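Trainee: Have a look; sequence and predicted model below, questions after that.
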Amino acid sequence: MNDLAGKHIVLGLTGGIACFKAAELCRALVKAGATVQVVMTAAAEHFITPVTMQALSNRPVYGSQWDAREPNNMPHINLSRAADAILIAPASADFMAKLLHGRADELLSLMCLARPMDTVPLIVAPAMNREMWANPATQRNVALLKADGILVLDVGQGDQACGETGDGRMLEADEILDDLIAFFTPKLLAGQRLLVTAGPTYEAIDPVRGITNLSSGKMGFAIARAAREAGAEVTLVAGPVSLPTPRGVTRINVKSARDMLGAVLSCVDQATVFVATAAVADWRPAIAADQKIKKDGSGDTPTLHFIENPDILATVAQSPRGQRGASGEPGGLYCVGFAAESHDLLAHATAKRLRKGVPLLVGNIGPATFGQDDNALLLVDAHGATEVPRAPKLELARRLIANIAQRTLGSGQKS
Ligand code: CTP
């Protein structure tokens, strides 16, 4: 998706082995619709050439404050005025120290100092050896840069080019891209805490077999991501799926419906909004055998008896906080249910909303969308139904989050 369409990003590179990731980042920014102007320090040019960065950004790279290409000979002014954001990736320990002291002895630091602070945000993605990162001087600088209004992204953890292992790696290109997209997203859910369930559940028959369903978890994961982009604190309770955790989201992995209920109940008191997208198994085998059930050679098949699983959404929605949320009272929990139906969507979704006791129920035609990347939704509330036309799941998730933000705005859900 063109998440950065219309954005002009000045991408600054400073000296560090993570410069190799800046090439991929540049490509990812362009692919997301941004225009990218690369500015490099002399140290960065030891690690990657301006030719590579020019080819990827499709623009000549700047490296000197004396660059005569600019008619007024002021690249530090012109480049910074044109930017929607300046992103320094990688940001070396030395460069962060320079930023902090307002030093400006080469183009990139000069441009950062000269940027209009109110309109051109500065974002840095640190990259350095773990000892350099842990050094109190660096940590002090990070704290002071943040206090100056500079957004300092997290660092990654793992194997480092120097052979050591620890904190200080630059985030991967796709992680920085996600953080940048989130940065530009209006914070409609600031102060809200979302709890989301996603994916299928798995109900054991014996230690090696079980019953599950075709839910991919994509919609719930997209909702968790969209909510985090919109400024919410997000906890995602996920059934067995192998999707990556969205940036900045706390994930709790569960297997069965009862595990999912336990995880939800352990954190629902802190939540202000609950979104149940999980395809929870309605029934589980009454007894899960301790040992693998074996064929006995007689040709007889085992008989399974089922019992009903707890209804997580109904349990939460019908709690006192869920009921207060439904009537918009302060301190309430706003609950959103999903309905995957095979036919008569409006009638089933309307009935299900009342049965579950939720103010908003999101209907979709289930079997056709399981595992797909796009979907169409029907939002059903006490006043009727609104269609959200077919679109990629992330786009639908963003629309749904904007809709939930509107519904909970000023209703006292925020705590
Ligand atoms: N749900 C839940 N716990 C369950 C079953 C469902 O939390 N044990 C939630 C789902 O996450 C979803 C909503 O309830 O938000 C609707 O689930 P669905 O399975 O479609 O509805 P059911 O209540 O099972 O009704 P039916 O099987 O008749 O369609």
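Mentor: It's in.
Trainee: Strands along the stretch 1-150 of the chain, start to end?
Mentor: 8-13, 35-40, 85-91, 122-126 (DSSP state E, counting those that start in this stretch).
Trainee: quick one, phi psi at the closest residue to the ligand within the stretch 51-200 of the chain?
Mentor: When distances are taken as C-beta to the nearest ligand atom, the stretch 51-200 of the chain reaches nearest to the ligand at residue 197, 5.8 Å away. Yep, even glycine has a C-beta here, placed from its N, CA and C like the rest. Reported as degrees, to the nearest 10, the phi and psi values for residue 197 are phi -100, psi 150.
Trainee: likewise residue 267?
Mentor: Summarising the backbone geometry of residue 267 under the convention degrees, to the nearest 10, its torsions are phi -130, psi 10.
Trainee: Can you name the element that comes right after the host helix or strand of residue 226?
Mentor: Taking DSSP states H and E as the definition, residue 226 sits inside helix 218-229. For helix 218-229, the succeeding helix or strand toward the C-terminus, using DSSP H and E, is strand 233-238.
Trainee: Just the element for residue 247, please.
Mentor: Using DSSP H and E, residue 247 maps to neither a helix nor a strand.
Trainee: Quick check, it in contact with residue 177.
Mentor: No - counting by C-beta atoms under 8 Å, residue 247 sits too far from residue 177 to count as a contact (9.5 Å).
Trainee: on that earlier part again, beta partners of the residue of the stretch 51-200 of the chain closest to the ligand?
Mentor: With beta bridges defined as DSSP bridges, residue 197 has these partners: residue 237, residue 276.
Trainee: interface residues of the stretch 201-350 of the chain facing the ligand?
Mentor: Within the stretch 201-350 of the chain, the positions lying close to the ligand (C-beta under 6 Å from any ligand atom) are 257, 276-278, 280, 282, 309, 311-313, 337-340.
Trainee: quick one, what contacts residue 169?
Mentor: Taking C-beta atoms under 8 Å, 6 or more residues apart in numbering, we find residue 169 in contact with 18, 127, 155, 156, 157, 158, 159, 160.
Trainee: Selecting buried members of the residues you listed in ChimeraX, what would you type?
Mentor: With 16 or more other C-beta atoms under 10 Å as the criterion, this ChimeraX line picks the buried residues out of those:
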select :18,127,155,156,160
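Trainee: Dump the contacts of residue 169 to a markdown table, plus secondary structure.
Mentor: Formatted as a markdown table, the contacts of residue 169 follow (DSSP: H, G, I helix; E, B strand; the rest coil):
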| residue | secondary structure |
| --- | --- |
| 18 | coil |
| 127 | coil |
| 155 | coil |
| 156 | strand |
| 157 | strand |
| 158 | strand |
| 159 | strand |
| 160 | coil |
